[in-house]
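S.K.: What shape does this take:
(one chain, ligands or ions: 2)
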Amino acid sequence: MVKSVILAAGRGTRMKSDTPKVLHKIFNQTLLGYVIDAVNGTDIAEENYVIVGHQSEKVEEYLNENYINTKTVLQSPQLGTGHAVSMVSPYLNDYTGEVIILCGDTPLITSDTLKTFINAHKSMNSDITVMSAVFDNPSNYGRIIRNTDGTINSIIEEKDADTEQKKVKEINAGIYCLNWNKVKNAFNQLKTNNAQSEYYLTDIIEWGRQNGLNVNAHILERNEEIFGINSKHNLAEAVKIMNSRTLDKLMNDGITIVDPSTTWIDPQTEIGKDTVIYPSCYIEGKNTIGSNCKIGPFAHLRGEVILDDYVKIGNYVEVKKAHIKSHTNACHLTYIGDSEIGENVNIGAGTITANYNPLNKTKSKTIIGDNVKIGSNSVLVAPVEIKEGANVGALSIITKNVQEWSLAITRAPMKIFEGWVKKKNGK
Ligand code: UD1
Ligand code: MG
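M.R.: Ligands and ions are numbered 1, 2, ... in the order given. Below is the predicted model:
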């Protein structure tokens, strides 16, 4: 088992936002949430410490609500990454296992990579392992400086680097694995004699070497995994990378994505094979889509949607928090929210489940039985139940439950006035 320390106290100035950087979202998950999920996904993280500082209350509240194995530790003022890690020292006095350190703003890191990294650390019998990556453009990162025999010497920050050091393309990815018992003393010996007058976490490399520890760098295979978010531009780029990963995985699993360039699917959504996703769909949150479904073009699934097999959700259809059983179609211009819909149902174009009462701000449920047919442009005012086999005439406003196999219709009867136009015109 390991413990993790996730650095998230920084200001995130370039996001230009009132929301703390790490609480920005990609689909329905926060940047910090992705990092914690990746750590928890290794199945060896017994406890996580998140270092908070800037807007700490918001981050703390978020973590308390969403993560049980995660504690927050306040760093105030923020005097650098080394100072940030030293904040957990009081909590880990007697701990002798491994500590992994990550940043809260690198949402693309995966559990697999963390597992490989920790395994490499263990198999080298390493005391300090830093994750490195080779970048064509290494600017702004700390550079990995190696000795002539290839062993790691130190990490030099860009702002402290000389011209030769700046040419080095191997960079510090900002993820570390430490043998805590051997490294913990480093944190009260760090100094601030550098360009930024900060306590640098990176200085533990040199400290380790000088104290006879086994210090190593482990090169990351997929550079995108440590892509850090510093601006809204970075955020948009990360969404794209995450989305294309998700689509690749889905296509490998037998799902047809007609146009990956206009399809957005949350990584938390599961889809069964032989389902076809047509262009321009936005599928966010946790959804479970069965096999042989047809979704889109231009469909919006907003989370907590369960579609059984052979369901059709067509263009301009929005679905939120609904279970729709097999062979049911909602093919055009429809809103389905807070609903349970049976098998073999046809939802006509323009149907709306009116689930929200803005006066008391409550949501109510619409229940539709098997084999029901809803005529076009109907409004089903929830709470309401339309029982098995019933039909609803087009343009109806349904405010009461409809019994099995009945017809419900509320529109005004149609009238025809023959020759009315000619008479009006005096002809
Ligand atoms: C750091 C590394 C650099 C590495 C890069 C990878 C140091 C000195 N440098 O640089 O070698 O290439 O990450 O992205 O560590 N933070 C705190 N408290 C602080 C300062 C920072 O919690 O007092 C957090 C930030 O919120 C952020 C992380 O630590 O999540 C990294 O800090 P940042 O200022 O971005 O460091 P870099 O300059 O990018
Ligand atoms: Mg950074």
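S.K.: thought residue 161 was touching residue 143?
M.R.: Yes: using CB atoms under 8 Å, residue 161 is in contact with residue 143, at 5.8 Å. Placement of C-beta: from N, CA and C, glycine included.
S.K.: if you count what's nearby, which of those two comes out ahead?
M.R.: residue 143 (26 against 18; other CB atoms under 10 Å).
S.K.: Counting neighbours, what do you get for the nearest residue to that one once chain neighbours are set aside?
M.R.: Closest residue in space to residue 143, ignoring its immediate chain neighbours: residue 168 at 4.2 Å, by CB to CB, 6 or more residues apart in numbering. Applying other CB under 10 Å, we find 18 residues neighbouring residue 168.
S.K.: Let's see the pLDDT reported for residue 168.
M.R.: pLDDT for residue 168: 98.
S.K.: quick thing: my sequence starts at 40, can you match it?
M.R.: Let's use 40 as the start, then, which means that last one is residue 207.
S.K.: how close does it get to residue 185?
M.R.: 8 Å (CB to CB, to the nearest Å).
S.K.: Ramachandran coordinates for residue 285?
M.R.: Residue 285 adopts backbone torsions of phi -60, psi -50, taken as degrees, to the nearest 10.
S.K.: I'd assumed residue 310 was in contact with it.
M.R.: No: in this structure, residue 285 is not within contact of residue 310 by CB under 8 Å, at 9.8 Å.
S.K.: Counting neighbours, go ahead and name the busier of the two.
M.R.: residue 310 (25 against 22).
S.K.: Now do the SS call for residue 124.
M.R.: Under DSSP: H, G, I helix; E, B strand; the rest coil, residue 124 falls in the helix class.
S.K.: Surely it touches residue 140?
M.R.: Yes: with contacts counted by CB under 8 Å, residue 124 reaches residue 140, the gap being 6.1 Å.
S.K.: and residue 236, what element?
M.R.: Secondary structure assignment for residue 236, by DSSP states H and E: no helix or strand.
S.K.: what's the spacing between it and residue 196?
M.R.: Counting by CB to CB, the gap from residue 236 to residue 196 is 12 Å.
S.K.: who has more neighbours, these two?
M.R.: residue 196 (19 against 10).
S.K.: mind listing what that one touches?
M.R.: Listed by CB atoms under 8 Å, 6 or more residues apart in numbering, the contact set of residue 196 reads 181-182, 233-235, 239, 241.
S.K.: Out of those, flag the one nearest to residue 423.
M.R.: residue 181 (60.9 Å; CB to CB).
S.K.: Model confidence score at that closest one, please.
M.R.: pLDDT, read off for residue 181, is 97.
S.K.: Nearest residue to it in space, ignoring adjacent ones along the chain?
M.R.: residue 211 (3.9 Å).
S.K.: For the protein, which residues are neighbours of ligand 1?
M.R.: For the chain, the residues in contact with ligand 1 (CB under 6 Å from any ligand atom) are 46-49, 90, 92, 114, 117-120, 122-123, 142-144, 180-181, 194, 196, 210-211, 213, 239-241, 267.
S.K.: for the host helix or strand of residue 222, packing partners?
M.R.: According to DSSP H and E, residue 222 maps onto helix 219-222. Other helices and strands packing on helix 219-222, by 3 or more CB pairs under 8 Å, 6 or more residues apart in numbering; DSSP states H and E, are strand 137-142.
S.K.: What is the helix or strand following the strand it packs on packed up against?
M.R.: Downstream of strand 137-142, the next assigned helix or strand under DSSP H and E is helix 150-162. Of the remaining helices and strands, those touching helix 150-162 by 3+ CB pairs under 8 Å, 6+ apart are helix 70-79, strand 137-142, strand 167-173, strand 209-218, strand 254-258.
S.K.: For the second one, which outside residues touch it?
M.R.: For strand 137-142, contacts defined as CB under 8 Å, 6+ apart pick out 41-47, 74, 78, 84, 124, 127, 131, 148, 153, 156-157, 160-161, 213-219, 222, 240, 267.
S.K.: by how many degrees do it and helix 70-79 diverge?
M.R.: 160 degrees (axes from the mean of the first three to the mean of the last three CA atoms, to 10 degrees).
S.K.: what's the answer for the shortest one, then?
M.R.: Comparing the axes of strand 254-258 and helix 70-79 via the same axes, to 10 degrees yields an angle of 110 degrees.
S.K.: Would you mark the buried spots in strand 254-258?
M.R.: Of all the residues in strand 254-258, those buried under the rule 16 or more other CB atoms under 10 Å are 254-257.
S.K.: Tell me the residues that contact both of residue 285 and residue 310, please.
M.R.: residue 304.
S.K.: Most proximal residue of the stretch 90-239 of the chain with respect to ligand 1?
M.R.: residue 181 (2.2 Å; CB to the nearest ligand atom).
S.K.: That residue contacts residue 210, doesn't it?
M.R.: Yes: judged on CB under 8 Å, residue 181 makes contact with residue 210 at a distance of 6.4 Å.
S.K.: As a check, name the ranges of all strands in the stretch 190-339 of the chain.
M.R.: 191-195, 209-218, 254-258, 295-296, 303-304, 309-310, 315-316, 321-322, 326-328, 333-334, 338-340 (DSSP state E, counting those that start in this stretch).
S.K.: Not counting sequence-adjacent ones, nearest residue to residue 295?
M.R.: The nearest residue in space to residue 295 (CB to CB, 6+ apart) is residue 315, at 4.4 Å.
S.K.: Please report how far that neighbour lies from residue 377.
M.R.: With CB to CB as the criterion, residue 315 and residue 377 are 27 Å apart.
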